[in-house]
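Engineer: just a sequence and a predicted model for now, questions to come.
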Amino acid sequence: MATTSAAREQKTINDFPLPTRQAIVNSSYPEWYKKYRGITGKARVIPLTAGFLEYLKADGIILPPDTPVVPISDRDSGVFSITNTDDSDDDDDDEGENPAQNFPEVHSAVIAAIAELGGSVYPKLNWSAPKDAAFMLGNTLKCSSPSDVYLLLKSSNFITHDLEHAFDETVDVPDENGKLLQLSDVEYALVLRKWVDVITSVEFRCFVKQRKVVAITQRDLNHYDFLENGKEEFLALIQEFFARHLEKTFPDADFVFDVYIPKTLLTESRVWLVDINPYSPKTDTLTFAWQEILNIDPSIPGFKPDFRIIKKNDPEAYGFAQPYSAHKLPKDVVDAAAGGPETMLQFKNDWKNIVEGLGGTGIDDSDSGSDDEEGDKGEGEEKEGGTAEKKN
Ligand SMILES: Nc1ncnc2c1ncn2[C@@H]1O[C@H](COP(=O)(O)OP(=O)(O)O)[C@@H](O)[C@H]1O
Ligand SMILES: [Mg+2]
C-alpha cells in the first residue's frame with residue numbers, strides 16, 4: 001500500500017531497533033496499569049515475594065491444600081492437588097507439604113482477589129499470560145481458585161520467559177549513573193484480571209511508530225463479514241482512543257497496544273485497553289511481517305494506517321489453528337450458531353444486550369461512574385503500592 005516508502009532503501013529485520021530494557025519495563029502490566037487503569041479491565045496487581053518466585057521456579061508442581069479446586073469433569077491434567085476434599089481433620093501432617101507456607105501474603109492476596117473479582121480471573125505475570133498452559137484447565141485460562149492460578153503459572157513456558165528472559169534481545173542503555181537494569185531489578189507481580197467472555201473478533205493489535213498508529217490488525221485470525229463493513233469505524237475509534245489516552249502519555253514513541261472494542265453496528269462503542277507490548281521482534285505481528293512495519297513511513301503526507309482484517313478468501317481464514325485461543329466466541333454465539341439460521345437471527349437481535357452487558361462484567365468503569373468505582377479504586381491503589389516502580 002501507499003504506506004511504505006518505496007523510494008527509500010527497504011529495511012530488513014536485521015535493521016530492527018532492539019528495545020531498551022526500560023522500554024520492556026514500560027510495557028509491563030504493573031507499570032502501564034498505574035496510568036491507564038481507567039481504560040482497561042478490572043484487575044488486581046499482587047506484588048510477588050521471593051518465596052513465591054522460588055515456588056514458581058522450582059521443579060515439580062505441588063499445589064496448596066485448603067483451596068477448593070472447582071471440580072470440572074474434563075479437567076484431567078494428571079496433576080493432583082492436595083486439596084482437602086473431606087473432613088479428614090487428622091491429616092495435619094500434610095502441612096509440611098503446603099507450598100503456600102512459603103508465600104502466605106501472596107496466597108491470601110490471591111484468595112481475596114479472586115473473591116473481589118467475582119469468582120473467576122484471568123492470570124498473567126508482568127508481560128505474559130500462561131496461554132501455552134491452558135490445556136491444564138481444559139483449554140481455558142479461567143481460574144476460580146489459587147490452585148488453578150498456580151497450576152497455569154507453573155506449567156507455562158511463557159511465564160518462565162517473563163521470569164528469566166524478559167531482557168533478552170534488548171540493547172543496554174546505561175542511565176546517568178552508568179547502571180543497567182537487571183532482571184533482579186524487576187518488581188514481579190501477579191496480575192489477576194476479572195474474567196470476561198471476550199468476543200475475540202473485535203480485538204485488535206495496533207502498532208505505534210514515532211507516536212503514530214501505523215498498522216492495525218485483527219487478533220483473531222478468522223474471517224468475520226461484519227468487520228469489513230465496520231473497518232472505517234473501528235479505525236476512527238482506535239485513532240481517537242490513541243490520541244486521547246496514549247499518544248502523549250506513553251513513555252516510548254514506538255510500542256504496540258491491544259484493544260478490545262465490544263461494538264457492533266447496532267451498539268454504542270467503547271474501546272478498552274487490553275495490553276501493551278514492546279516494539280520488539282518478540283511481539284507477534286499477526287497479519288503483518290515486522291519487516292513491513294519497519295518500512296512504513298508515517299511522515300509521508302496523507303498517511304493512513306494500514307488496517308488488516310482477514311478476508312473471506314485469505315488462507316488464514318481456512319481453519320487457521322489458534323493454539324492459545326481459549327474462546328473464539330462467547331458460548332451464546334456458539335450455541336446460537338449450532339441452532340441454525342433462525343436461532344442465529346434471534347441471537348442477532350439479542351446481540352446488542354449481550355455486548356452491552358459485557359462492559360459491566362469485567363471492565364473497570366472507573367472513568368464512567370460505575371457504582372463500585374470508589375471501592376475498586378481504593379483497593380487497587382493500596383495493592384499497587386508495592387508493585388514495579390519506574391527505575392529512572
Ligand atoms: N480478563 C480477561 N478474561 C478473559 N479473557 C481475557 C481477559 N483478558 C484477556 N483475555 C484474552 O486473552 C488474550 C491475551 O491477553 P493478553 O493480556 O494480551 O495476554 P498476552 O500478553 O500473554 O498475550 C486477549 O486477547 C483476550 O482474548
Ligand atoms: Mg500481550
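Structural biologist: The structure has been received and is ready for your questions. Computed from a prediction, not measured in an experiment: that's the story for all the values here. Ligands and ions are numbered 1, 2, ... in the order given.

Engineer: next up, the contacts around residue 171.
Structural biologist: For residue 171, the contacting residues are 18, 19, 20, by Cβ atoms under 8 Å, 6 or more residues apart in numbering. Yep, even glycine has a C-beta here, placed from its N, CA and C like the rest.

Engineer: from those, pick the one nearest ligand 2.
Structural biologist: For the contacts of residue 171, the closest approach to ligand 2 (Cβ to the ion) belongs to residue 19, at 14.2 Å.

Engineer: still on that earlier bit, what is the nearest of the contacts of residue 171 to residue 279?
Structural biologist: Among those, residue 19 lies closest to residue 279 (Cβ to Cβ), at 6.1 Å.

Engineer: hang on, the closest one packs against residue 281?
Structural biologist: No: in this structure residue 19 lies outside contact range of residue 281 using Cβ atoms under 8 Å: 9.5 Å.

Engineer: shared neighbours of those two, anything?
Structural biologist: Counting by Cβ under 8 Å, 6+ apart, the residues touching both residue 19 and residue 281 are residue 169.

Engineer: okay, these two: which has more neighbours?
Structural biologist: Shown here are residue 19 and residue 281; by other Cβ atoms under 10 Å, residue 19 has more neighbours (25 against 14).

Engineer: which residue ranges of the protein form strands?
Structural biologist: Counting by DSSP state E, the segments of the chain that form strands are 43-47, 121-124, 189-194, 203-209, 212-218, 255-260, 272-278, 306-308.

Engineer: buried residues of the shortest one, list them for me.
Structural biologist: Think strand 306-308. 306, 307, 308 (16 or more other Cβ atoms under 10 Å).

Engineer: one step back: which of the strands of the chain sits closest to ligand 2?
Structural biologist: strand 272-278 (3.8 Å).

Engineer: what's in contact with the closest one?
Structural biologist: Applying Cβ under 8 Å, 6+ apart, the external contacts of strand 272-278 come out as 19, 23-24, 26-27, 29, 32, 36, 39-41, 127, 203, 205, 245-246, 250, 255-262, 283, 363.

Engineer: picking up where we left off before, go through the strands of the chain and pick out the most buried.
Structural biologist: strand 121-124 (a mean of 26; mean count of other Cβ atoms under 10 Å).

Engineer: so which elements touch that one?
Structural biologist: helix 146-155, strand 189-194 (3 or more Cβ pairs under 8 Å, 6 or more residues apart in numbering; DSSP states H and E).

Engineer: got JSON lines for the ones you listed, with distance to residue 217 and mean pLDDT too?
Structural biologist: As requested, the helices and strands packed on strand 121-124 are exported to JSON lines (distance: least, Cβ to Cβ, whole Å; pLDDT from 0 to 100):
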{"stretch": "helix 146-155", "distance to residue 217": "27", "mean pLDDT": "97"}
{"stretch": "strand 189-194", "distance to residue 217": "22", "mean pLDDT": "98"}
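
Engineer: I'd like those written out as a markdown table, with distance to residue 163 added.
Structural biologist: Output for these, formatted as a markdown table (distance: least, Cβ to Cβ, whole Å):
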| stretch | distance to residue 163 |
| --- | --- |
| helix 146-155 | 10 |
| strand 189-194 | 12 |
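
Engineer: between these, which one is nearest to ligand 1?
Structural biologist: Ligand 1 lies closest to strand 189-194 among the helices and strands packed on strand 121-124, at 3.7 Å (Cβ to the nearest ligand atom).

Engineer: would that closest one count as contacting ligand 1?
Structural biologist: Yes: judged by Cβ under 6 Å from any ligand atom, strand 189-194 comes into contact with ligand 1 at 193, 194.

Engineer: can you pull the contacts of residue 241?
Structural biologist: Going by Cβ under 8 Å, 6+ apart, residue 241 touches 39, 259, 271.

Engineer: now with 7 Å, please.
Structural biologist: Residues near residue 241 by Cβ atoms under 7 Å, 6 or more residues apart in numbering: 259, 271.

Engineer: next one: residue 271
Structural biologist: Residues counted as contacts of residue 271 (Cβ under 7 Å, 6+ apart) are 237, 238, 241, 259, 261.

Engineer: my guess is the first one contacts residue 262. True?
Structural biologist: No: counting by Cβ atoms under 7 Å, residue 237 stays clear of residue 262, with 11.2 Å between them.

Engineer: neighbour count winner among the two?
Structural biologist: Higher neighbour count among residue 237 and residue 262: residue 262, with 22 against 18, using other Cβ under 10 Å.

Engineer: okay but that one is in contact with residue 201, surely?
Structural biologist: No: applying Cβ under 7 Å, one finds residue 262 not in contact with residue 201, separated by 10.0 Å.
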